[in-house]
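J.: A structural model of the following input is requested.
(chains A and B)
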Amino acid sequence: GAVVSQHPSWVICKSGTSVKIECRSLDFQATTMFWYRQFPKQSLMLMATSNEGSKATYEQGVEKDKFLINHASLTLSTLTVTSAHPEDSSFYICSADNRGEAFFGQGTRLTVV
Amino acid sequence: QKEVEQDPGPLSVPEGAIVSLNCTYSNSAFQYFMWYRQYSRKGPELLMYTYSSGNKEDGRFTAQVDKSSKYISLFIRDSQPSDSATYLCAMSAGYSSASKIIFGSGTRLSIRP
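T.: Next up, the predicted model:
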């Protein structure tokens, strides 16, 4: 099956700093990628849809200025959490659309201290 | 009311038992219905997906969709300890099963040897 790699797997950062998470499709090109967030014992919640070469589309309630998404190539999308705060601590997961099927990365656990 | 409702469990059954997992939903626009398996601190892995109503079988797994009742099910026959994981139902009203997925909260399943 298609492989999506997410980096880093975990990161700890200080409150007020920014953190970048990468999502790469390793063996296919993905025009569209998606970013999700999962809090403990809760469901994955779609944050935004990332389209190569254009602006991301954010879900209601997600601050676009706080969660910056860049999809500069067909194999890479990045999510930058700016001015992170403890409440941003969560599990962030990306998926990439490969011919109509979503393939998920392994997730990034972000802890803001 | 959540768009997708799923009993979080946990559900514990003996090895070899038939497992039944279910979800209900409220959005009649959903067309794609998926089941994912997620291990702790990992991204979801697609098990099966169904377009519109009907049944689909793949080995020990059977997925059923009843759009009239807004109810979907996943059956696991001859359950194995390796089936122990969190199972997520998911749905999409988007252009494909990869687009704008709405997840249930997940059911934690444990198969006792």
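
J.: residues contacting A:N70?
T.: A:N70 sits next to A:50, A:77-78, A:80 when contact means Cβ atoms under 8 Å, 6 or more residues apart in numbering or on different chains. To be clear about C-beta, it is placed using only N, CA and C from the backbone, and glycine gets the same treatment.

J.: try A:F104
T.: A:F104 is in contact with A:4, A:93-95, B:43-45, counting by Cβ under 8 Å, 6+ apart.

J.: which residues does it form beta bridges with?
T.: For A:F104, the beta-bridge partners are A:S95 (DSSP bridges).

J.: which of the helices or strands spans the spatially most central residue of chain A?
T.: Nearest residue to the geometric centre of chain A (Cα atoms, centre = their mean): A:W35, 4.0 Å. For A:W35, the enclosing helix or strand under DSSP states H and E is strand A:32-38.

J.: tell me the strands beside that strand, with direction?
T.: Applying DSSP bridges, one finds strand A:32-38 paired with strand A:44-51 (antiparallel), strand A:90-98 (antiparallel).

J.: and residue 99, how many neighbours?
T.: The chain I'm using is chain A. Look at A:R99: counted by other Cβ atoms under 10 Å in any protein chain shown, it has 9 neighbours.

J.: sorry, I should have been clearer: chain B.
T.: 18.

J.: that one: which element?
T.: Using DSSP H and E, B:S99 sits in no helix or strand.

J.: quick one, what contacts it?
T.: Counting by Cβ under 8 Å, 6+ apart, B:S99 touches A:32, A:34, A:49, A:97, B:92.

J.: and the residues you listed, which is closest to B:I18?
T.: Of all the contacts of B:S99, B:I18 sits closest to B:S92, with 27.5 Å by Cβ to Cβ.

J.: which pLDDT does the model give the closest one?
T.: pLDDT recorded at B:S92 is 94.

J.: check the gap between it and B:Y25 for me.
T.: 11 Å (Cβ to Cβ, to the nearest Å).
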